[in-house]
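Trainee: no sequence on this one, just coordinates:
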């Protein structure tokens, strides 16, 4: 029995780097195992500090998707009012069936 694992690395336009780990299951200790797999290179001249971790799991607990973001987001790039309005509009659209079939 082989479980599928997927690791992705992407670079954001602002210079930050994102490592995405997809694993089967949500068993205790899985997130810690992923953290231990992170490439700590604090002595590297291109070192970016870990600044954000986003943890997701499927409702049926069959899959975990965790994103580790390296690098600092530039100040002032996040407008709460604009983003909040977009989220609320998206939620309204979902409730009205906008994205169904």
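Mentor: All right, it came through fine. Predicted model, so just to flag it, every value in this text is computed and none were measured.
Trainee: can you pull the contacts of the residue most central in space within the chain?
Mentor: When CA atoms, centre = their mean is applied to the chain, the residue found nearest the centroid is residue 67 (2.9 Å). By CB atoms under 8 Å, 6 or more residues apart in numbering, residue 67 lies in contact with 18-21, 52-54, 56. For glycine as for every other residue, the C-beta is placed from the backbone atoms N, C-alpha and C.
Trainee: next: residue 75.
Mentor: Residue 75 neighbours (CB under 8 Å, 6+ apart): none.
Trainee: return the distance of stretch 81-100 from the chain's centre.
Mentor: Mean-position distance between stretch 81-100 and its chain equals 21 Å (CA atoms, centre = their mean, to the nearest Å).
Trainee: about what we covered before: so which of the contacts of residue 67 sit within strands?
Mentor: Those of the contacts of residue 67 mapping onto strands are 18-21, 52-54, 56, per DSSP state E.
Trainee: residues near residue 15, how many?
Mentor: By other CB atoms under 10 Å, 12 other residues sit near residue 15.
Trainee: ok, and the closest non-adjacent residue to it?
Mentor: residue 71 (5.8 Å; CB to CB, 6 or more residues apart in numbering).
Trainee: just checking, the one you found touches residue 19?
Mentor: No - with contacts counted by CB atoms under 8 Å, residue 71 stays clear of residue 19, the gap being 11.5 Å.
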